[in-house]
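Novice: Dropping a prediction and its sequence here:
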Amino acid sequence: MISEIKERLEEPGLDEPGAGDITHGVRTSTGEEWSQAGIRQFLLYAAVGCVAGAVIALQIAIMRIFSVGSWAHFGSLVVSLAMLGFGLTSAVMCMARHWFERHWFVVIACSLAGVAPLVVGCNLLAQQLPFNPIFLVSDPTQKWRLLGNFSLYLLPFLAGSFFLGTVFLRAKKVFGRVYFADLLGSGLCGLLTLGSLFLFHPDNLMLVPVVLAGIGGVLWFAGLGSVRGAVLIALVALASAAAHLWLPEKLHAAKLSVSDYKGVSYARKFPDSQRIYQNVSPFGLLEVYGSSYLHFAPGLSDNASLNLASMPVNAYLGLYIDGDGPIGIMRDLPEDQTAYFKYLPMVYPYLIKSQAKTFIVQFGGGISTSVALHSDAQSVTVGESNPAFLKAFRENAELKAFTGDLLHHPKVKVINYDGRLFLANTQERYDVIDLSLADSAGLSNPGGFAIVEKYSYTQEAMQNYMRALNEGGVLAVTLWNKEEPPKSVLKLYATLAAAARANGEQDISRSFFVASSYLSTVTVLYQRGGFTEPQLAILRQHTSAMSFDEIYSPGFAIDGDQVSKVFDEFRESIFSSADTEPQTHAGEDNDPSLGQAGDSVADISEPDLEMAGDTAAQTVPATQLSRLAWQALVNNDWQGFSKRYLFDVQPLTNNHPYFAAYVHPSDLPKVVDRLELFQDEWGYLLLWATLAIACAAGLLLISIPVVFGWRMIFQHYPGKRETILYFACLGFGYIVVEVGLIAHFIEALANATVSASVLITGMLVFSGLGSFVSERYLPRARAIMPRVFLAIGALLIAYGFLLSPVLNMIGHLDYAWRLLCCFVLIAPPAFLMGFPMATGMGILTHLHKDPMFLWAWGVNGCFSVIGAALVPIIATSFGLTAVLAIAGAVYLLATPAFFGLLKPVNNKLVR
Amino acid sequence: MKSFLRFFCVSLAIASAFSPAIASANVPAPLTWEASPPTDSRAAFVEWMVANRGEDAKYLGQRWDRYIIMQRNHDLLDEKNARAYLLTPREEFVLKQNLPRAYDHAFLDIGYGVTISGPHVVGRMTSSLNIKQGEKVLEVGTGSGYQSAYLAHLTDKVWSIEIIKPIATRTRAVYDDLIARGYSEFKAINTKQADGYYGWEEAAPFDKIIVTCGIDHIPPALLQQLKVGGVMVIPVGPPGAQHILKVTKEANPDGTIKITRSDIYNGKIVPFVPFTKLEGDDIKGSHNK
């Protein structure tokens, strides 16, 4: 097939401008196809855009597949995987540049023909190789399965990057325009893929890159005037799409394997389980299942068993997003079946607030709304950031009937966006503001958590909630309390106390009441103006009646003698070494100590671990620790507390919005031999592992050309170090800005997928425009570029400090306006960031530093891998402001490197 | 015909997944409560078990090695739990592909999104219940069946409920097979496939309850079916680092009932022990190193 296309291409008159050289039957002249005029040239640019778009679409599709099938966190590593593909390609092409120059046509044809089948085939194979993150430490085969998954998904990226690399090689003289097409295509196709999330179920999302790659191939061959080539590529793409649709069924093989350990998998196994609702959108795959086996009563007091004859039957539906959950949807229960509500922690604020004007920050499955309505609330305003939730509850007849059409209840008013953003911008005041187990799935799932931004729990958000209270109003925050040693709850305590102080309260001792249930939930109540004694009496009586633990209330006395012991024992519980204990020998035949083994059987009931039979009520250390934490907070000594505690428990802020990264970086080496103890931190630990792998892979790829003899050629080119530094800065800086801004913009867009899509599209499109415009400034680059770098650096550093309040401010606008504002915010830095890459590559071409051209592209790609891996570590360690500030500094660092790039070539040596 | 073939294939798959059960020899004689394997040496233990239980010496060796580590880590707190652990053939309850790791310090996949807890967790959790012979014990979440098999060596009154039907069926088949091969003590295990949320009312009340599945609250029915003076244990947290919540139900002097939450160590912080392994005869740090 390829030979036929080559023949067609070699027919006289096929390419208008330039005859080109024929060597060994293959065209070797550089880039005459890019000198064509009119529509054909446009088709080539469009082809580049489509294939680059296919690569972006593939990244989004793989992210979604990992998110729905297993663990979202691995999906987010896909950006690094794609960049690794570019780095690997450039290394190979750098070593065999002349071969690629000679065989460019075959390489491009094979790459174009390969993308679609590889997307379909590799996905199908990868889905037959499931891995399970929870066995990652205990089962050695899981690491190989994960490696297998990533290796398979790398292949289509390689095909795409070989196409783009070869095109860049051919189109050096018009690099700025090709790069513009690349970025514009990536950006627009990112937007297209976002739209396709409304149409395609996640298991069919792979069709988007298949179709885009097919269109790209057809356009390419049309641009070359090869009808046969275009038809063949179209057929390959169609066959691939058909294979994706029908082959899995024929082979009884899943095209998206959902782990048995996902929440939805359990629901599907219940004998009477039935799916009653499903919806796909960028806001996730939302599914609702019904089963008599589903039971929800988060934080229910154990004392309910003493006073309730039974719990209501068939009272719940399970709501799952991307297979995670369930979030309980409450049936509209008759009054006589709601007695158990008073045993739930969400009822606390209504003990002291009757006829309350209530605000529910996040609707979720509606449990807080139901509790409020049954607690005689005067009105209930609910915020919900996920439009898919609201659509389900408003439009699905079955859900409406089940919930008694809760969202249309006469007392209920709905805010169509994040309650956090509403409260930040409203003049309304409320008696009760409730944030109960919002994102419950995210905070309660056992297993590793991805690093996700939790803006609803930040200090700034809490300040806004507190400001939105009437005098005497109550903010109630309930969180899961299932960690031992405690982590999340300590962050929550610190955040709430910091918010109260930031709002001007010097003495916070009368403003809080805290109760918890061991290994269940914790509820923090904040009252504007402080609690009165009668109110405290009611709260204390209820806490006692529910057998909850009182953690803090005004005047609560704490025994300070145990402080050191508690801190030391918690540290010891995690970081003690088994090796410090006496060794016990296990074999008898060669070891006389075996008698000890037998003896120790008699000793094992020795009292150092006395357990059974002793039922004396004791305060568990986690409860003691929480009490000590509140003592420290009230005394304004959180720094002192957190320095002594084994985990990082600094408050959440908009700059640092993470319930994650509890392990101090200095403790990381000690974690390695006990990873199973940090399963809820695997998302964070994986970041470090990814960074290490990214650094190793990046440096390896960069060094390959040097090791394989290219040093001899490179040494003739002046400014090598500056060239490396320049493109490393660009690769690193660009991706750091992109990934960092995705995390920032969630603050206004309230959804990670939308934020990612907006940023990918906005950054690439505006940068594409920048690269296009930069071409005309190439002759004056020496004067222009330093100013550009200065502007980028200044903008990014300013964004780091100013973005958060601006995003909060636009948060209350309609979603379309918010999207528009976000694009406007992205435009200035993104446009300027389009200049350096195109200008740098243009300079390499003009100065005839051809061997460095591909290498520069590879350096750029490799440092993108490292940058993508480093962003979450910088964000969790130093905050999101630091991410943008570092990116700004890196762009400033590129300024001196740029002048090295301009050093002319010594032509004698090159020759 | 088609359905028969399907049934045949499923049966074959179940049989092959648990093939050691088929390959093992029969138990020579029923176990009595007085019988206990020697614990003075590995060789004596293996010899006694081969002679009296007809089990594979390879797995018996692994069981002994794990026993030594569990002793050192205080996972087995008395002789009756040590006996129960040593008599329970864990290799019969793991999937074929996990047989080489049956006695590892690790939880293992048993299919359907369910794991078999590591021997150390089962030992610690069951030890903390201080089960006495004749006490009634309810397990919610049969899973692999290993926990109930262990319990059957402590008491002759065990009830176990599994929510996932294929697992319930498979584990019942494992028990039946073991009983047929002479493990008469497993006749004490009553099983059913049902929603464990409601307990087993017909058999209630129970002296001890073990809940081995995750839930966002303790089902009131289970607390109601727990005797006054009874103890319930529930593992909480990720599989590798579970804390074991202990819930006690006691009578106050005034006759009212008090329910108390603690952990199984009554408040004492106990160091976690990283995955341990044997190198030769020595216990070495960790599988992760």
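Specialist: Happy to help now that I have it. Numbering: from 1, shown residues only, chains lettered A, B, ... in the order given.

Novice: make it CA atoms for all contacts and neighbour counts henceforth
Specialist: Noted.

Novice: Can you tell me the element the residue of the stretch 301-450 of chain A found nearest chain B falls in?
Specialist: Distances between the stretch 301-450 of chain A and chain B by Cα to the nearest Cα are smallest at residue A:305, namely 4.2 Å. Using DSSP states H and E, residue A:305 maps to helix A:304-307.

Novice: So which residues make contact with whichever helix or strand comes after that helix?
Specialist: Downstream of helix A:304-307, the next assigned helix or strand under DSSP H and E is strand A:316-321. Strand A:316-321 is contacted by residues A:263-264, A:267, A:284-292, A:294-296, A:325-331, A:365 when judged by Cα atoms under 8 Å, 6 or more residues apart in numbering or on different chains.

Novice: Which ones among these map onto strands?
Specialist: Using DSSP state E, the subset of these located in strands is A:284-290, A:325-330.

Novice: Only the buried subset of these, as a ChimeraX command please.
Specialist: Of the ones in strands among the contacts of strand A:316-321, the buried ones go into a single ChimeraX selection, burial set by 16 or more other Cα atoms under 10 Å in any protein chain shown:
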select /A:284,285,286,287,288,289,290,325,326,327,328,329,330
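
Novice: Lowest-confidence one in the ones in strands among the contacts of strand A:316-321?
Specialist: On pLDDT alone, residue A:325 ranks lowest of these, at 81.

Novice: what does the stretch 51-200 of chain B have sitting close to chain A?
Specialist: The stretch 51-200 of chain B has residues B:65, B:68-69, B:71-72, B:74, B:76-79, B:82, B:106-108, B:111-114, B:127-130, B:163-165, B:195, B:197 near chain A, with proximity defined as Cα under 8 Å from any Cα of the partner chain.

Novice: for residue B:119, what are its contacts?
Specialist: B:103-106.

Novice: just for chain B, where's the confidence low?
Specialist: B:1-25, B:214, B:237-242, B:265-289 (pLDDT under 70).

Novice: how many neighbours does residue B:186 have?
Specialist: Neighbour count of residue B:186, defined by other Cα atoms under 10 Å in any protein chain shown: 20.

Novice: circling back: among the contacts of strand A:316-321, which ones lie close to chain B?
Specialist: residue A:296.

Novice: Of all the residues in stretch A:246-253, which ones are buried?
Specialist: residue A:247.

Novice: same thing with stretch A:420-440?
Specialist: A:420-425, A:429-440.

Novice: Then stretch A:657-666?
Specialist: So, applying 16+ other Cα under 10 Å, buried residues of stretch A:657-666: A:657-663.

Novice: Tabulate the residues you listed in CSV, adding columns for pLDDT, secondary structure and distance to residue A:771.
Specialist: What follows is the buried residues of stretch A:657-666, written out as CSV (pLDDT from 0 to 100; DSSP: H, G, I helix; E, B strand; the rest coil; distance: Cα to Cα, whole Å):
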residue, pLDDT, secondary structure, distance to residue A:771
A:657, 91, coil, 34
A:658, 88, strand, 35
A:659, 86, coil, 39
A:660, 80, coil, 38
A:661, 80, coil, 38
A:662, 85, coil, 41
A:663, 84, strand, 42
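
Novice: could you dump these to JSON lines with distance to chain B?
Specialist: Converted to JSON lines, these look like this (distance: Cα to the nearest Cα, whole Å):
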{"residue": "A:657", "distance to chain B": "23"}
{"residue": "A:658", "distance to chain B": "20"}
{"residue": "A:659", "distance to chain B": "16"}
{"residue": "A:660", "distance to chain B": "16"}
{"residue": "A:661", "distance to chain B": "17"}
{"residue": "A:662", "distance to chain B": "16"}
{"residue": "A:663", "distance to chain B": "16"}
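
Novice: pLDDT weak spots in chain A?
Specialist: Low-confidence regions of chain A, defined by pLDDT under 70, span residues A:1-31, A:72-76, A:438-450, A:576-618, A:676, A:679, A:708-716, A:906-911.

Novice: All the strands of it, in order from the start?
Specialist: Secondary structure of chain A (DSSP E): strands at A:22-23, A:26-27, A:274-281, A:284-290, A:316-321, A:324-330, A:357-360, A:379-383, A:412-415, A:430-436, A:469-480, A:512-516, A:521-527, A:549-552.

Novice: mind checking which of the ones you listed is nearest residue A:643?
Specialist: Checking the strands of chain A against residue A:643 by Cα to Cα gives strand A:549-552 as the closest, at 21.1 Å.

Novice: neighbouring strands for that closest one, and are they parallel or not?
Specialist: Strand A:549-552 pairs in its sheet with strand A:512-516 (antiparallel), by DSSP bridges.

Novice: in the strand it pairs with, what counts as buried?
Specialist: A:512-516.

Novice: What of stretch A:142-161?
Specialist: Result for stretch A:142-161 [16+ other Cα under 10 Å]: buried residues A:142-143, A:145-146, A:148-150, A:152-161.

Novice: Same check on stretch B:116-134?
Specialist: For stretch B:116-134, the neighbour count (16+ other Cα under 10 Å) marks B:116-131 as buried.

Novice: end-to-end on it?
Specialist: 26 Å (Cα to Cα, to the nearest Å).

Novice: what do you get for stretch A:653-665?
Specialist: Stretch A:653-665 end-to-end distance (Cα to Cα) = 20 Å.

Novice: How many residues are close by residue A:859?
Specialist: Neighbours of residue A:859 under the rule other Cα under 10 Å: 31.

Novice: Just give the nearest non-adjacent residue to it, would you?
Specialist: Counting by Cα to Cα, 6 or more residues apart in numbering or on different chains, residue A:859 lies nearest to residue A:728, which is 5.7 Å off, once chain neighbours are set aside.

Novice: measure that neighbour to chain B for me?
Specialist: Counting by Cα to the nearest Cα, to the nearest Å, the separation of residue A:728 from chain B is 34 Å.

Novice: ok, now residue A:765?
Specialist: 43 Å.

Novice: do residue A:462 as well
Specialist: 26 Å.

Novice: ok, how many other residues are close to that residue?
Specialist: 28.

Novice: swap in residue B:188?
Specialist: Residue B:188 has 17 nearby residues by other Cα under 10 Å.

Novice: what sits against it?
Specialist: Residue B:188 makes contacts with B:152, B:156-158, as judged by Cα under 8 Å, 6+ apart.

Novice: With secondary structure and neighbour count as added columns, please give those residues in CSV.
Specialist: Below are the contacts of residue B:188 laid out as CSV (DSSP: H, G, I helix; E, B strand; the rest coil; neighbours: other Cα atoms under 10 Å in any protein chain shown):
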residue, secondary structure, neighbour count
B:152, coil, 23
B:156, coil, 20
B:157, coil, 19
B:158, strand, 26
